[in-house]
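> Here is my input, please return the structure:
(one chain, ligands or ions: 2)
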Amino acid sequence: MVNPIISPSMLSSNFADLANEAQRMIDSGADWLHMDVMDGHFVPNITIGAPVIKNLRASHPNYFLDCHIMASEPEKWVDDFAKAGANMFTFHIEAAIDRTAALIEKIKSTGMKVGIAIKPKTPIEWVIPYADKVDMVLVLTVEPGFGGQTLIENCLPKCRVLRDRFPNLNIEVDGGITVKNIDKLSEVGANVIVAGTGIFKHPNPSEAISTMKASVYK
Ligand code: DX5
Ligand code: ZN
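Ligands and ions are numbered 1, 2, ... in the order given. Next up, the predicted model:
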C-alpha cells in the first residue's frame, strides 16, 4: 500500500511569479511541488538552484519540496539544498554510479528524504540494489532537460519490475504525463506522478490533478 501523490513540475510555471504559481498548485490540490534543478552539464539546460528553494521555503514553510537534481556532481549540492529547506533530494544514478551508497548516506545524514532517478536508457538493474535503502525511485519517462516532451512508453516496464519487487516503494514517474495517459502509469504501479505541461497547460489544473489522483496506483 502506497500513497497516491501528485507533484506538479514547477518547470512549467512562470518562474517570475513562483510563489504565486506554487500557491495556485497547492490550491488546486497538489500534494508535493516538483522542483527541477538543472546544471547545464548533466542536462543541456539550466534552471534553478538552492537560493530559489530557500525563497520558496520561506513563502511556503510547510510544503513538501520534491527536488529533482539533474547535476553531474550531486554531492556538491546536498548541504546547500538541506539548508535551503528541500524535503527530498533525488539524484541521478548516472551521475554517481561509483559512489551511490555514500551519497545516499550523505543525503540521509542531513534529514532530507532520498530519491534515485534513472534516465530512459539506464537499465533498472542499476537501482535495484539500492531500492530498499531510499525513499523513492524516479523513473524518467522522457530524456531529462526540458518540459513538454512526449512520454517514452518503453520506460514503463521498469516501474512494473520495481513494483513487483518493492510493494511499499514510492515510484515516481516524470515526463510527458497527462490525464490522457495516466492510466498507463497506474497500470505499472507508479504512485508519484510528476506533470508539468499536463497540469499547467490543462484548461483546469485542479481538474487535471483530481483526475490524476483518482487514477493513480494506490
Ligand atoms: C524533465 C523534468 C520534468 C519536466 C516534466 O527534465 O524532469 O520534471 O518538467 O515536464 P512535462 O510534464 O511537461 O513533460
Ligand atoms: Zn523532474
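
> Can you give me the neighbour number for the nearest residue to Gly29 once chain neighbours are set aside?
Nearest-residue entry for Gly29: Ile209, 4.3 Å, with adjacent residues in sequence omitted and distances by CB to CB, 6 or more residues apart in numbering. All C-beta spots, glycine's among them, are computed from the backbone N, C-alpha and C. Here the count is done by other CB atoms under 10 Å, and Ile209 has 24 residues near it.

> Correct me if wrong: Ile209 contacts Trp32.
No - checked against CB atoms under 8 Å, the pair Ile209 and Trp32 is beyond contact range at 11.3 Å.

> so what's in contact with these two at the same time?
With contacts taken as CB atoms under 8 Å, 6 or more residues apart in numbering, Ile209 and Trp32 have Ile6 as neighbours in common.

> ok so, going back, per-residue pLDDT of the residue nearest to Gly29, please?
As summarised for this prediction, Ile209 has a pLDDT of 98.

> and the one helix or strand it maps to, how far out from the chain's middle?
Counting by DSSP states H and E, the element that carries Ile209 is helix 205-215. Relative to its chain's centre, helix 205-215 lies at 17 Å (CA atoms, centre = their mean, to the nearest Å).

> what do you get for stretch 179-197?
What separates the centre of stretch 179-197 from the centre of its chain is 12 Å, taken as CA atoms, centre = their mean.
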